[in-house]
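>>> Give me a 3D structure for the following:
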Amino acid sequence: MKINVLRSDEIYKQVMACPPEEKTEMYRQEMLAPFMKKWEIQQIPYRAREENGFDAMTINNMAHLSPEMITPDMEPAVEQISSDILWDELKKTLEHCLHLFTQHGISLPVSEYLFTILLGSPDNELLRLSEGYSGEGGIPGYIFLSLIPNDYTRKRLKPALAHECNHNVRYQFIKWNDTINLGELIVSEGLAENFATSLYGEDLMGPWVSKTDAHTLNNVIKPIMKEHLEITGLPHIMAYLYGDDVAKIQGLPIAGGVPHSAGYVCGYYLVKYYLQKTGKSIVEATTLPADDILREVEEYWDEETETVLHR
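Numbers count the residues shown, from 1 in each chain. This next block holds a predicted model:
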């Protein structure tokens, strides 16, 4: 197994030092090109055919520093992710997470992984809703974390990386297609966050779970999720998974009345219930079809769930 770490801090410093007219191309080549296969799998053009067309740079600029924003003013932020110790610890975290699966006898089809940290735009509303950090790990072999660096977010890099690693492993076995439904995404997010808390504790649980109280989960979220488990089509799924606030920001169809990160908190406690009921480990459960898990927990929807609330 090979872990490749793309030192984004070094790339940010290079882009910071180059002339304005060269920033975009340098950033594209150094930061985005290593993820070329990821863009291809997602059918996102690496470079738009026409000026200002949709491509990987468009995706980058939605939540992260765009090349023109990478000026000396960003130096303090870059310095917060420039520690050799930090990058080494994160590499070891990823190695440890992956080894938990191989040690359990799960043979991973992907043997090489690429990881980096992207600096989030301070004005990005989506990152604000997730308290300054998030990640993406659904394409096997590729993981990045999004970060507005400060003491709070840097402390949560390891559990965030564990969360994304779990997604990365799951989607080596669960193949994405047009029939993927909301139930799969709820289970997937529940597995990922349970994996993270199993390693780092509920005190470092993501705000996408920890900020929701038991009343909202039991009386608002569960009834909505239960009724819509079978819906398909990514825009519709995301509206329920992320809730109305994110749907509005991203221009998705708004389901109406769906609290923030509803699918995440529902999934976390659903999977937690499943693990307690069956005695399976989170490692075992990670590669199971969502339907297998959902069949085991039909009573979850009608039982009162106590949540852990950290603010």
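>>> give me the low-pLDDT residue ranges for the stretch 201-311 of the chain?
Scanning the stretch 201-311 of the chain with the threshold set as pLDDT under 70 gives 308-311.
>>> do that again at 50, thanks
Scanning the stretch 201-311 of the chain for pLDDT under 50 picks out the ranges 310-311.
>>> And the helices in it, which stretches?
For the stretch 201-311 of the chain, the helices defined by DSSP state H, counting those that start in this stretch cover 207-210, 214-216, 222-227, 234-242, 244-250, 262-278, 282-286, 290-296.
>>> In JSON lines: the ones you listed, plus distance to residue 161.
For the C-beta atoms, the positions are set from N, CA and C on the backbone; glycine is no exception. Putting the helices of the stretch 201-311 of the chain into JSON lines (distance: least, CB to CB, whole Å) gives the following:
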{"stretch": "helix 207-210", "distance to residue 161": "15"}
{"stretch": "helix 214-216", "distance to residue 161": "28"}
{"stretch": "helix 222-227", "distance to residue 161": "27"}
{"stretch": "helix 234-242", "distance to residue 161": "21"}
{"stretch": "helix 244-250", "distance to residue 161": "22"}
{"stretch": "helix 262-278", "distance to residue 161": "17"}
{"stretch": "helix 282-286", "distance to residue 161": "15"}
{"stretch": "helix 290-296", "distance to residue 161": "23"}
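>>> could you redo these as JSON lines and give each row mean neighbour count and distance to residue 191?
Compiled in JSON lines, those are given as follows (neighbours: other CB atoms under 10 Å; distance: least, CB to CB, whole Å):
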{"stretch": "helix 207-210", "mean neighbour count": "23", "distance to residue 191": "13"}
{"stretch": "helix 214-216", "mean neighbour count": "14", "distance to residue 191": "21"}
{"stretch": "helix 222-227", "mean neighbour count": "17", "distance to residue 191": "16"}
{"stretch": "helix 234-242", "mean neighbour count": "20", "distance to residue 191": "14"}
{"stretch": "helix 244-250", "mean neighbour count": "17", "distance to residue 191": "21"}
{"stretch": "helix 262-278", "mean neighbour count": "23", "distance to residue 191": "5"}
{"stretch": "helix 282-286", "mean neighbour count": "21", "distance to residue 191": "5"}
{"stretch": "helix 290-296", "mean neighbour count": "16", "distance to residue 191": "8"}
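>>> right, so of those helices, which gets closest to residue 173?
Residue 173 sits nearest to helix 282-286 of all the helices of the stretch 201-311 of the chain, at 8.3 Å, using CB to CB.
>>> Does anything pack onto the closest one? Which helices or strands?
In this structure, helix 282-286 packs against helix 84-103, helix 157-170, helix 182-200, helix 262-278, with contacts taken as 3 or more CB pairs under 8 Å, 6 or more residues apart in numbering; DSSP states H and E.
>>> Mind listing residues that contact that helix?
Residues from elsewhere that reach helix 282-286, judged by CB atoms under 8 Å, 6 or more residues apart in numbering: 100-101, 104, 106, 166, 169-170, 191, 194-195, 198, 271, 274-275, 293.
>>> one more time with 10 Å, if that's ok
Contact with helix 282-286 is made by 97, 100-106, 165-167, 169-170, 172-174, 187-188, 190-199, 271-272, 274-275, 278, 280, 292-293, 296, as judged by CB atoms under 10 Å, 6 or more residues apart in numbering.
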